[in-house]
Structures are given as C-alpha cells and as structure tokens.
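1. Got a sequence here, can you model it:
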Amino acid sequence: MSTSPTQLLQFWRDAGPRRWFARDDAFDADFRERFLATHEAAAAGALAHWGSTAEGSLGLVLLLDQFPRNAFRGTARMHATDAQAREVADAAIAAGFDRQVDDDLRRFFYLPFMHSEALADQDRSVALNEPLGGESLRYALHHREIVRRFGRFPHRNAVLGRQSSGEEERFLAEGGFGG
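-> Below you'll find the model as predicted:
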C-alpha cells in the first residue's frame, strides 16, 4: 500500500515537537521503516503530484528535508535532497500553502531555507520565521549567523568530507552548533 500525505502528516503530528528535533534512535528507525520507500519515490520525482495541495507539499518537504535528517543521521545522505526540498518549499510558499497549515507545522515549509548554506536562503529563512517568532526565529537567526561567519555549517564538514579551517575547529570544540 502506498503512503498518502495524510498518513505521513498524521505520523508527524503524533510524534510532536518533543520528537521532531530530538536525537532519538527509536524514532529515527520507526520513521525510516515506515517512510523510506516514500522518501525514495519523492527523491526520484515520482510524488511531484503531491505538490498540488498544501498537505501534499508539506508531506514532500518532510520527506525531502526532515526525513533524511532522521533516517540518515550522521551521513552525507542527510543532505542529498536539500535542493529538492527548497524547490518544493519555494513553490509551496509561492502558492500560499504555508498559510494553509497550522502554525506548528508551518515552520517545516521554512526549514529547507534554514538548512541551506547559501546566505540568501538564510536571509529568507529569517524573514519567513519572523512572523512565527519564538524558537523558530531564534534558530533561524542562529543558523544565519553561522553561515554568515563561515559560509557553511562547520558541523557538516566531517560527513561531507570537507576540511575544517582552524576557526571552524575552534568553533566546534567550544560547543558550536552541532546540527
């Protein structure tokens, strides 16, 4: 049986904020087991039709942006569909779909920009998160500051096979953002 956007979003809502951003091996394994085939279909472009609705677009963003961060944690594959996630999020925002979901889920339309290493995307993330305020805005500002300072996220260097600069190594050694 194939997964629908409704099923994916129900799983995500049931998990809730406590599990969305936590490092939780059991949750990661459950997410991966339930939705790996759906993620792979989305990555291959086979679920592009989901992008015609707010619910479907949000489902695609979750599959392309959040799913890899949970399912492939600590590997380069975490970032493999980031560009696709930004494309889906950009189209969804242009269609006003971000305004058609609950505030607690709206932030997921904006995370692909927060996860980008391009400063222009970081600026957009801050602008999109400003109306949400609170933690969403705080994290957007923090992410932008790191990209502004280093031009990238130093915590990704190891999994992406990049050499860290001395400044990046000091930043990470002093407890800099760990992703």
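2. now for the longest helix along the chain, which elements pack on it?
-> Counting by DSSP state H, the longest helix found in the chain is helix 25-43. The contact analysis (3 or more Cβ pairs under 8 Å, 6 or more residues apart in numbering; DSSP states H and E) places helix 25-43 against helix 5-20, helix 67-71. To be clear about C-beta, it is placed using only N, CA and C from the backbone, and glycine gets the same treatment.
3. and residue 128, which of those helices is closest to it?
-> The minimum distance between residue 128 and those falls on helix 5-20, with 17.6 Å, by Cβ to Cβ.
4. Quick check: buried residues in the closest one?
-> Neighbour counts over helix 5-20 (16 or more other Cβ atoms under 10 Å) mark 5, 8-9, 12, 15, 19-20 as buried.
5. biggest separation within those residues, which pair?
-> 5 and 19 (19.4 Å).
6. JSON lines please, covering the helices and strands packed on helix 25-43 and showing mean pLDDT.
-> Formatted as JSON lines, the helices and strands packed on helix 25-43 follow (pLDDT from 0 to 100):
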{"stretch": "helix 5-20", "mean pLDDT": "94"}
{"stretch": "helix 67-71", "mean pLDDT": "96"}
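7. need the contact list for the nearest residue to residue 64 once chain neighbours are set aside.
-> In space, and not counting its chain neighbours, residue 64 is closest to residue 85: 3.8 Å by Cβ to Cβ, 6 or more residues apart in numbering. Taking Cβ atoms under 8 Å, 6 or more residues apart in numbering, we find residue 85 in contact with 60-61, 64-65, 112, 115.
8. Buried by neighbour count, from those: which ones?
-> 60-61, 64-65, 112, 115.
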